[in-house]
Every structure is written in C-alpha cells, then in structure tokens.
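Participant: I would like to see how this sequence folds:
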Amino acid sequence: MKATWASELLPYVQVGGTVAAAAGLLINAYQTWRTRKTVTLQHLQDFLKAMNERESALAMNKDDAAKQLHALIEFLNFLEIYSAAINSRLFVGVAREIVQEKILDSIIELENLPHWHEEIEKSITSATTYKHLRLFIGTHRRTIGTRRSATRFIE
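Facilitator: Now for the predicted structure:
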C-alpha cells in the first residue's frame, strides 16, 4: 500500500501541534504569573492606604473621645482582618512580609499606649472577638517582646 504525501506529513504536523500547545501553556503560565504579581501589588497598595486611613483617623480625633474610640475599634477590626489573612497564609512572599511587619509595628504601638488597654478589653464581647489578632500575637509574642524592648531604648 502506497502512502500519500499527507499521511507522510502527519507525524510532523502532530509534533508541530504539540510544540505549539506547549508554547501556549508557557505563555499562559507567564501571563498568570504577571497577573498575580500585579494583583499582589494592588493589594499591598490597598492595605497601606487603608492602614494610613485608620492610623490617621485615630490621630485626628484626639479632641473627640467618642470618635477616637470608634477609630480605635475600626483600627482593631482592620488588624483582625489582616491578621486572619496572615494566619491563613493568604499573602505570600514580600506581600506577607510587609503586611506582617506593619501589623507587628501596630501591635507594639498599641502595647506602648496603656490608656487604650482598658478600651480594648471592653471591646472584646465574645471568645471570637479579635480571635485572629490574638492568634497572630500569640504566634509572634517573642518578636513583639524583643521589638517592644528595643523601642524603649529608641524613645
């Protein structure tokens, strides 16, 4: 039986199709990787913007105790959300590092402000209040203690 020219080319066409599919997968993987990087940057920018807003609200309302207390509770809720994200490993790489460091700095700052401790205790209304923040603090207790001691020398 005589082979036709098309049947002779078939193996080459199959190899070409396989190479094209592999190239497509590589391009798709690269695009996915770049998208993930862009999304991570956007999340970091959103985090820092929101953190600055919470800190600013806390600092700006010094003349109004009710507004300042509200700003404190909002700040604690913000720390709770991002502590949950860190605890659940939703952030990776440098994003995780930046968010974790900012949460640690905020916790140390709150620990150095004893006039807020009573209000923080009052805001705990159940065993689940600030559950993720408390877990984060427990996980990083040694680091918090070391940094808190170091900030005493700086001040």
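Participant: packing partners for the helix or strand that Glu80 is a member of?
Facilitator: Secondary structure assignment for Glu80, by DSSP states H and E: helix 65-87. With contacts taken as 3 or more Cβ pairs under 8 Å, 6 or more residues apart in numbering; DSSP states H and E, helix 65-87 sits against helix 5-60, helix 93-111, helix 117-123, helix 131-139. In this view, the C-beta of every residue, glycine as well, is placed from N, C-alpha and C.
Participant: I'd like to know which of those helices lies nearest to Ser149.
Facilitator: helix 93-111 (9.9 Å; Cβ to Cβ).
Participant: picking up where we left off before, and the helix holding Glu80 with helix 5-60, angle?
Facilitator: Helix 65-87 and helix 5-60 are oriented at 150 degrees to each other (axes from the mean of the first three to the mean of the last three Cα atoms, to 10 degrees).
Participant: SS state for Thr128?
Facilitator: Put simply, Thr128 is coil when judged by DSSP: H, G, I helix; E, B strand; the rest coil.
Participant: returning to what we had before: okay, buried residues for the helix holding Glu80 please.
Facilitator: Buried residues in helix 65-87, counted by 16 or more other Cβ atoms under 10 Å: 68-69, 71-72, 75-76, 78-80, 82-83, 85-86.
Participant: Poorly predicted segments of the chain, please.
Facilitator: In the predicted model, the chain carries pLDDT under 70 at residues 1-3, 151-155.
Participant: at 90 instead, please
Facilitator: Within the chain, the set of residues satisfying pLDDT under 90 comprises 1-43, 58-59, 61-63, 65, 91-93, 112-113, 115, 146-155.
Participant: rewinding a little: pull the distance from the helix holding Glu80 to the chain's centre.
Facilitator: Its chain's C-alpha centre and that of helix 65-87 lie 15 Å apart, by Cα atoms, centre = their mean, to the nearest Å.
Participant: So which of the helices and strands packed on helix 65-87 is nearest Arg147?
Facilitator: Closest among the helices and strands packed on helix 65-87, using Cβ to Cβ: helix 93-111, at 5.4 Å.
Participant: Columns mean neighbour count and distance to Gly145 on top of the helices and strands packed on helix 65-87, output as CSV?
Facilitator: Below are the helices and strands packed on helix 65-87 laid out as CSV (neighbours: other Cβ atoms under 10 Å; distance: least, Cβ to Cβ, whole Å):
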stretch, mean neighbour count, distance to Gly145
helix 5-60, 11, 23
helix 93-111, 16, 9
helix 117-123, 12, 16
helix 131-139, 16, 11
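Participant: Great, nothing more from me.
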